[in-house]
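[1] What would the 3D arrangement of this be:
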Amino acid sequence: MTAPTFPPAQLPTGTDRARIADQIDAWIGSPAMTALRKAFGDAPARDGKLADRLVELEQFSAEHWNFRNGNERHEARRQSFAFEALIWSAAAALGLTGRQAVLDRSYDHMLVLGGGVGHMMARSTLAAEVIASGVSAGSIAGLGSLRPLDKPDVGHKWGLRDCPTEGDAVDESLRLLFRLDEPTQRRSGVTDLGAEWWVRSYHDASPPVHILAAPRTPPAPRANTGDTLTGWAELVQRSPSGSVLLVTTDVFVPFQHCDAVRLLGLRHGCVVQTVGCDSLTNRYIVTPSEPTTALQEIRSAIRSMQALHSAL
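    This next block holds a predicted model:
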């Protein structure tokens, strides 16, 4: 059976709070989301306050689309479905698949979000391609964490040095793709809550490049996307403003975009756009996305939209 094609559901954007609420409402009530919920036996309510419907949808996703159960993403369980084509069609309409187009030709800041070595090579390659296409950025920052990586030498085949942490993977991949020398400045510290961080800056690059291994928010074991965005605004850019282009992997675009709208848009007035490399075709991503991955990240997007709505 051929899966239906759904109209694209726009992600929240800009800084106008009423418009953001309307966009969240449209996304969770989109034909793609409605069809996906019905495939899992749900009949979504269309009435009631947006906050209540977000709570209901988050609870539904916890029951049906939570394959991590508190573990890391690579530890999530796998499952097959009879309607996988519908899942992928809905995921595409909700903004989770394929490489998104860069809309503007100039940004104040480009932020390359952190991950494992393969994802970092994919994201750094996309960032370099965007700049090579003639898009300008006032600064480039790679945002990672101090999360240890299981295979620090996996990047040797691509010309990287050892990457003991996610922050090192961010640094090494951007160093390679942007042909950076050694850092011109290194800073490090510990937050009031006892969380370590470091920044490596390449001031002689054009545009300048900064790499952040962001501090975590205890008791969390590592920094998450929100921590890295907040860390950039506090430790690297210092009260940023203007336009921001986020670079990530397609399946993470909705949730990371919503986190950025909440933490950079609402707090600092930044206008955020987000692009992601195609995880199904990228040569650096050795474990392609599966239907469970798409469902899990739709759940992540729901939770990020819930946090964004609360921040309104």
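[2] Every contact and neighbour count from this point should use C-alpha atoms.
    Will do.
[3] Helices of the stretch 1-150 of the chain, start to end?
    Taking DSSP state H, counting those that start in this stretch to define them, one finds helices in the stretch 1-150 of the chain at 17-28, 31-39, 50-64, 84-93, 117-132.
[4] From the chain's centroid, how far away is the longest one?
    Distance of helix 117-132 from the chain centroid (CA atoms, centre = their mean, to the nearest Å) equals 14 Å.
[5] As CSV, could you dump the C-alpha coordinates of stretch 188-196?
    Provided in CSV are the C-alpha atoms of stretch 188-196 (Å, rounded to 0.1, in the frame of the first residue of the first chain):
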residue,chain,number,x,y,z
SER,A,188,38.1,26.4,30.8
GLY,A,189,36.3,26.5,34.1
VAL,A,190,33.8,25.0,36.5
THR,A,191,30.3,26.3,37.1
ASP,A,192,28.9,27.1,40.6
LEU,A,193,27.3,23.7,40.5
GLY,A,194,30.6,22.0,39.9
ALA,A,195,30.2,21.2,36.1
GLU,A,196,33.3,21.6,34.0
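[6] Tell me the gap between it and the middle of its chain.
    Relative to the chain's own centre, stretch 188-196 is displaced by 24 Å; criterion: CA atoms, centre = their mean.
[7] what residues does it touch?
    Residues outside stretch 188-196 that contact it (CA atoms under 8 Å, 6 or more residues apart in numbering): 197-199, 214-218.
[8] buried ones in that stretch?
    Using 16 or more other CA atoms under 10 Å as the test for burial, stretch 188-196 gives 195-196.
[9] next structured bit after the helix or strand harbouring C258?
    Using DSSP states H and E, C258 sits in helix 253-260. Remark: after helix 253-260, the chain's next helix or strand is helix 267-268, criterion DSSP H and E.
[10] Quick one: mean pLDDT over the helix or strand just after that following helix.
    Going down the chain from helix 267-268, the next helix or strand is strand 271-277, by DSSP H and E. In this model, strand 271-277 has a mean pLDDT of 97.
[11] Dump the C-alpha coordinates for strand 271-277 into PDB.
    Extracted C-alpha coordinates of strand 271-277, given in PDB (Å, rounded to 0.1, in the frame of the first residue of the first chain):
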ATOM      1  CA  VAL A 271      15.800  34.600  14.700                       C
ATOM      2  CA  VAL A 272      16.600  30.900  14.300                       C
ATOM      3  CA  GLN A 273      16.700  28.700  11.200                       C
ATOM      4  CA  THR A 274      17.700  25.100  11.200                       C
ATOM      5  CA  VAL A 275      19.000  22.700   8.600                       C
ATOM      6  CA  GLY A 276      19.900  19.000   8.800                       C
ATOM      7  CA  CYS A 277      22.000  16.600   6.800                       C
END
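[12] on that earlier part again, give me the subset of the contacts of stretch 188-196 that lies in helices.
    Judged by DSSP state H, the contacts of stretch 188-196 include no members of helices.
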